[in-house]
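S.K.: Let's see this in three dimensions:
(chains A and B)
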Amino acid sequence: MKIQHESVNMALDPTKILNFSPALRLQWEETQKKHVILYPEGIVELNVPSTEILKLCDGEHNAEQILVELEAKFNQTGLKNDIYGFLEVAIENGWIS
Amino acid sequence: MAGSVNQTITPPRWLLAELTYSCPLQCPYCANPIDFASIKNELGTEDWLRVLTEARAMGAVQLGFSGGEPLTRQDLPVLVKHARQLGYFSNLITSGYGMTEAKIVELKEAGLDHIQVSIQSPEKTLNDELAGTESFEHKKEVARLVKKHGYPMVLCVVVHRKNIHQIREILEMATELGADYLEVANTQYYGWAHLNRDQLLPTKEQFEEAEAITQAYKETVKGKMKIYYVVPDFYEDRPKACMNGWGTTFLTIAPDGAALPCHSARELPGLVCPNVKDMSIYDIWHHSEAFNHFRGYEWMKEPCRSCPEKTKDFGGCHCQAYLLTGDMHNTDPACSLSPDRERVYEAIFKARNDSESGNVKPLVFRNPKNSKMLA
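M.R.: Okay, here's the model as predicted:
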């Protein structure tokens, strides 16, 4: 799986439990056949991997656990850079904390 | 083009529901049409519920309840609740006038996602003067209550020559009120703002200073407050990609049910806007003459027609082209390639003259009396 993200320098604590922001909404859009993040004045369209990561930012998982779970789910290894990179972008954008 | 089915038509994503033209405020830069007082027959609750349902089925997901002042509609909680059930992300765009804590709670329970409060100036006297009502303290209180009840709070300040010198105070006020988002909206000169342009348009120096201050401030609040800076285009070389392209993304429904490709479109003579009482949202979006009028590039004149940038800005804003040149099919004079670019310089010149003359023209306030007189 390939996740596109901008490079940022936001420290990610892999042991910290992550939560999706209660001020935003993550939902499936039938007409676009995509998940989107909705926030004031904006829409972000998500690809499948990004959606899978964000769904696990549920107040029960930290980055390490998300990595383990998704590597198992997609039966792949070496996803750490992609997943951690995306989580950093998500933190920087205020989608998760 | 009317009546043809174009397979490349994208679905609407944003719906602006202008619930009413009633407003207790009188802002002289209001985007409502000058003749709002003569537009009667507000849609009823059932029509609005149907509009929300139909637009959602087509793909609209961002929803703004606006006006006028949407709080004057008694059925607002019913509409909000329906919107939430349909899966909209809904925003109440309010002056704060008439808002109470009980209403904030009621709307939250109904499923409203966020509230945008407008403040005219960080200084009471000017705020109240521009709003045409004593409203400053109450607006600030509403902003605090919005935060208190867990909504993302969007503060909107429209900027023009009367308040642009207060830009620092505007930014600081937003921080003090704990705004999550601040919209610094340079006035766009349509509707009442067009009428008051000589009195409202700042100088280039004022614009540049305000923009520099805002951009610098943006850095200091990164991660805490998101600032949307809406640029004015009188001092730009290229026009804005108005509405992200006509009939591609945005759908506005006016209080009487007129469906508009942009909220100023009913100013355009010759454009017959369809009404939701006569047509479904689907037919309006796909088949109405108004929504197809500026789709694609066929309608373009030169210099747009052969311009490589037409795919980026779609010729700019048709309302501005009409207001400045008298023909909505002309290139938006905000583009330096427009043969009518002179019109922009004239507007700037007239505004500067007004500000430098010892005899500044009074603002014409947006109220039913002036509307009837001017219509």
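S.K.: Now do the helix or strand hosting B:S355: everything it contacts.
M.R.: Assigned by DSSP states H and E, B:S355 belongs to helix B:342-356. Contacts with helix B:342-356, where a contact means Cβ atoms under 8 Å, 6 or more residues apart in numbering or on different chains, come from B:161, B:189, B:197-204, B:234-235, B:324-325, B:333-334, B:360-361. Backbone N, C-alpha and C define where each C-beta goes, glycine included.
S.K.: Ok, stretch B:365-375 next?
M.R.: Stretch B:365-375 has contacts (Cβ under 8 Å, 6+ apart) with B:23, B:25-28, B:30, B:32, B:34-38, B:132, B:192, B:195, B:364.
S.K.: Put the buried members of the residues you listed into a ChimeraX selection.
M.R.: Buried residues among the contacts of stretch B:365-375 (16 or more other Cβ atoms under 10 Å in any protein chain shown), as a ChimeraX selection:
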select /B:23,25,26,27,28,30,32,34,36,37,132,192,195,364
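S.K.: Please point out which parts of the lengthiest helix in chain A sit buried.
M.R.: For chain A, the longest helix by residue count, based on DSSP state H, is helix A:80-92. Of the residues in helix A:80-92, A:D82, A:I83, A:Y84, A:G85, A:F86, A:L87, A:E88, A:V89, A:A90, A:I91, A:E92 count as buried by neighbour count, 16+ other Cβ under 10 Å.
S.K.: thinking again about what came up before, narrow the contacts of helix B:342-356 to just the buried residues.
M.R.: Buried among these (16+ other Cβ under 10 Å): B:161, B:189, B:197-203, B:234-235, B:324-325, B:333-334.
S.K.: Checking B:V360 next. Helix, strand or coil?
M.R.: coil (DSSP: H, G, I helix; E, B strand; the rest coil).
S.K.: need the contact list for it.
M.R.: By Cβ under 8 Å, 6+ apart, the contact set of B:V360 is B:Q199, B:D354.
S.K.: my read: B:H160 touches B:T187, true?
M.R.: Yes - the pair B:H160 / B:T187 is scored as a contact, 4.4 Å apart, by Cβ atoms under 8 Å.
S.K.: show me what contacts the closest residue to B:A193 other than its chain neighbours?
M.R.: Nearest non-adjacent residue to B:A193, counting by Cβ to Cβ, 6 or more residues apart in numbering or on different chains: B:Y29, 3.9 Å away. Going by Cβ under 8 Å, 6+ apart, B:Y29 touches B:V158, B:H160, B:T187, B:G191, B:W192, B:A193, B:N196, B:L200.
S.K.: any chance of these in JSON lines, with secondary structure and pLDDT too?
M.R.: JSON lines is the format used below for these (DSSP: H, G, I helix; E, B strand; the rest coil; pLDDT from 0 to 100):
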{"residue": "B:V158", "secondary structure": "strand", "pLDDT": "97"}
{"residue": "B:H160", "secondary structure": "coil", "pLDDT": "97"}
{"residue": "B:T187", "secondary structure": "coil", "pLDDT": "96"}
{"residue": "B:G191", "secondary structure": "helix", "pLDDT": "94"}
{"residue": "B:W192", "secondary structure": "helix", "pLDDT": "97"}
{"residue": "B:A193", "secondary structure": "helix", "pLDDT": "97"}
{"residue": "B:N196", "secondary structure": "coil", "pLDDT": "97"}
{"residue": "B:L200", "secondary structure": "helix", "pLDDT": "96"}
